[in-house]
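1. Give the three-dimensional model of this entry:
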Amino acid sequence: MGTMQKRANGTYTAKIRRKGFPSLSRTFPARSEAEAWMAAQEAAITARVTATQAIEDQQRIAAECAPQYRVFGDLMRRYLDEVTPSKRAASEEAVRLRGLLKHPLAACPLEGLSAARVAEWRNERMNRVSGATVNRDMNLLGHVIEIGRREWEVDFEVNPFQLVRRPPQGYSRERRLFPAEEAALMRACTVTQNPYVRPIIVLALETAMRRSEIVGLEWERVHLHEPSVQLTQTKTGRPRGVALSSRAVTALSALRLASGGEPKGHVFPGLTPNALKLAFRRAVERAGIADFRFHDLRHEATSRLFEKGLSIMEVASITGHQDVRMLRRYTHLQVSDLARKLG
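-> You can find the predicted model right below:
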């Protein structure tokens with residue numbers, strides 16, 4: 001507020017005091033001049049207050065509004081931060097998403113992410129990986145779009161990944177591990193820097209457990225006296241018990257002894273699925289084995305279970321296949337047994 005004071009010599013002193021601003025005063029020979037100066041100063045202060053308030057309002061509105069997404073990678077990164085960690089296979093999905101973030105598709109503006117652009121990416125991806133891998137990538141990226149549409153107010157009338165043809169899955173891999181290859185692989189494991197690779201390979205061949213199931217194995221669920229393990233975190237989300245062969249028991253007993261006799265927690269502490277994948281790949285290369293992946297150990301183990309004479313339902317109870325039709329690919333292993341039964 002401004003105030004005016006008439007002095008004894010006939011001049012006028014104008015004063016302005018306002019909270020948050022320094023006090024102002026000036027003396028004029030005429031009252032009209034003092035009033036004009038005071039009005040100008042108050043207008044200037046009011047303008048500064050208004051501008052400051054406008055900036056604060058803009059900042060508040062920006063903080064309250066949903067974040068602005070410009071390219072597909074913006075959605076992928078938010079999905080990686082907020083959605084992926086809640087999944088059972090979070091570490092594996094994180095690796096997959098980070099790899100996809102390096103593809104030019106991640107730099108595509110959202111308004112340009114059309115079915116045609118997705119189809120172009122699919123075709124290019126098919127030149128590098130299998131149809132099954134492309135389908136898994138499309139499932140993941142399609143879910144990124146769905147979460148964006150439903151929860152993050154991203155403006156997509158339709159999901160472009162749902163408009164594009166899926167590549168054929170192709171035939172299931174039939175890669176078996178020959179005895180000479182297994183011996184070479186075990187020898188290669190003796191010089192690896194990771195001491196867990198060899199016992200993990202043994203467990204995979206004896207139990208048909210998945211990589212993530214082995215990495216997540218805990219001593220509290222390993223029962224060597226009643227040779228079995230109880231899996232609580234599985235791909236299907238359903239816990240299951242897995243019987244242990246004598247070879248698997250020997251491998252686990254050696255690990256328990258090396259860990260102090262009564263260990264607790266993870267059987268393979270500090271090991272991640274991706275670290276195991278890389279360590280296994282190095283061991284395979286060192287052994288001179290071509291075209292062999294960690295998941296092929298599960299196929300080999302399942303084949304050996306059938307070769308031991310187990311029924312489809314017995315094998316399914318060990319491998320965790322919810323749909324026994326997935327095991328029909330192994331029925332050729334029982335043809336000779338059927339022939340003997342037919343006489």
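
2. which secondary structure element contains residue 318?
-> helix 312-319 (DSSP states H and E).

3. Where does the prediction get shaky in the protein?
-> 1, 59-67, 170-172, 236, 322-326, 328-343 (pLDDT under 70).

4. so where do the helices sit in it?
-> 31-64, 72-82, 90-100, 115-126, 131-151, 179-189, 197-207, 211-215, 246-258, 273-287, 295-307, 312-319, 335-342 (DSSP state H).

5. Quick one: closest of those helices to residue 164.
-> helix 115-126 (4.9 Å; C-beta to C-beta). All C-beta atoms are positioned from the backbone trio N, CA, C, and that covers glycine.

6. Tell me the helices and strands packed up against that closest one.
-> On a contact count with 3 or more C-beta pairs under 8 Å, 6 or more residues apart in numbering; DSSP states H and E, helix 115-126 meets helix 131-151.

7. quick one: contacts of the helix it packs on?
-> When contacts are defined by C-beta atoms under 8 Å, 6 or more residues apart in numbering, helix 131-151 is touched by residues 69, 72, 75-76, 79, 83, 93, 96-97, 100, 105, 118, 122, 125-126, 154, 156, 159-162, 164, 166-170.

8. Could I get the buried residue list for stretch 11-29?
-> 12, 14-16, 24, 28 (16 or more other C-beta atoms under 10 Å).

9. got the contact list for that stretch?
-> In contact with stretch 11-29 (C-beta under 8 Å, 6+ apart) are residues 1-7, 10, 30-31, 33-35, 37-38, 41-42, 45.

10. which among those residues end up buried?
-> 2, 34, 37-38, 41, 45.

11. which pair in these spans the largest distance?
-> Pairwise over the buried ones among the contacts of stretch 11-29, using C-beta to C-beta, the maximum falls at 34 and 45, 16.6 Å.

12. how much space between residue 11 and residue 122?
-> 85 Å (C-beta to C-beta, to the nearest Å).

13. er, residue 155 I mean
-> 23 Å.

14. what does residue 200 give?
-> From residue 200 to residue 122 the distance is 34 Å (C-beta to C-beta).

15. Looking at these two, which one has more neighbours?
-> Just comparing residue 200 and residue 122: by other C-beta atoms under 10 Å the higher neighbour count belongs to residue 200, 27 against 20.

16. so what's that one closest to, chain neighbours aside?
-> Among residues not flanking residue 200 along the chain, residue 214 sits closest, at 5.6 Å (C-beta to C-beta, 6 or more residues apart in numbering).

17. The one you found reaches residue 202, doesn't it?
-> No. Counting by C-beta atoms under 8 Å, residue 214 does not reach residue 202; the two are 10.4 Å apart.
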